[in-house]
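Novice: Give me a model of this one.
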Amino acid sequence: MKFITKILASMGNIRAMEKLHVDDHTEAIINDIEQKPFGISENNVLYAGLNELGGYYFFQTVVVGQFHIKTLKGARLILKGDNIELQLNSDMSELESDYSNVSNRSITKIDFQIEEADIKTLQNSRITSIQLKAKKQDILFTKYEEK
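Specialist: Numbers count the residues shown, from 1 in each chain. Model prediction:
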C-alpha cells in the first residue's frame, strides 16, 4: 500500500503526498524519542507507563505531535482490547500543552487515576486501541507494534 502511495505522490497526487507527510511526521516523532511508544495516531504519538506514589496509582501519558489543548475540564482515556474496556479520568482537571518551536510539535503530559485492580486487568489484556478525549478533541490511537 505504501509503495502505491509513493508512486502516486511522485506523479503529483496531492492526497498521496499528504499521506506520506503524515507517515513521515509520525515516524519522525518516534525516532526523536528514545522511549518505546504506547500508541500512535495519524499526527500524534502516545507514550505511557504506570507509576505509584504513596499508595495511589497513576497511568502517566505524554502525547507528542499536533494535539494541543488548554482546558479546565480534564481528559478521559479509554483503553479497549480483547474483552476489556477501561475508562480512566485525568487526575487534574487543568491541562495545558507545551508547544516547541524547535520541533514544531506540542507536548502534553496527562496523568490518569487507575485502581490497583485495573492495573492487573490492564497487564493481563491485549490492548488494541486507545482513545483520548479532551475538550472537543477525540484522538484514536492504535497500539504501537514494533516493526
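Novice: C-alpha only now, for contacts and for neighbours.
Specialist: Will do.
Novice: Test of understanding: give the bridge partners of Glu52.
Specialist: Beta-bridge partners of Glu52, counted by DSSP bridges, are Tyr57.
Novice: For this structure, which helix or strand comes out least confident on mean pLDDT?
Specialist: The least trusted helix or strand in the chain, going by mean pLDDT, DSSP states H and E, turns out to be helix 14-32, with a mean of 56.
Novice: which is the next helix or strand following that helix?
Specialist: Downstream of helix 14-32, the first helix or strand assigned by DSSP states H and E is strand 39-40.
Novice: and that next one, what other elements does it pack with?
Specialist: Helices and strands touching strand 39-40, by 3 or more CA pairs under 8 Å, 6 or more residues apart in numbering; DSSP states H and E, are strand 44-53, strand 137-143.
Novice: Tell me which of those sits nearest to Thr121.
Specialist: Closest approach to Thr121 among the helices and strands packed on strand 39-40 (CA to CA): strand 44-53, 13.0 Å.
Novice: now the closest one against strand 137-143, angle please.
Specialist: 80 degrees (axes from the mean of the first three to the mean of the last three CA atoms, to 10 degrees).
Novice: Run through who's touching stretch 78-88.
Specialist: 76-77, 112-114, 118, 125-132 (CA atoms under 8 Å, 6 or more residues apart in numbering).
Novice: rerun that using 10 Å as the cut-off
Specialist: 58-59, 75-77, 89, 111-115, 118, 121-122, 124-133, 140-143 (CA atoms under 10 Å, 6 or more residues apart in numbering).
Novice: Repeat that for stretch 96-108.
Specialist: 25, 28-29, 32, 43-46, 61-72, 74, 95, 109-110.
Novice: how long is it end to end?
Specialist: 7 Å (CA to CA, to the nearest Å).
Novice: So for the spatially closest residue to Glu115 that is not a sequence neighbour, what's the pLDDT?
Specialist: Excluding the flanking residues, the one nearest Glu115 by CA to CA, 6 or more residues apart in numbering is Tyr57, at 6.4 Å. Predicted confidence (pLDDT) for Tyr57: 92.
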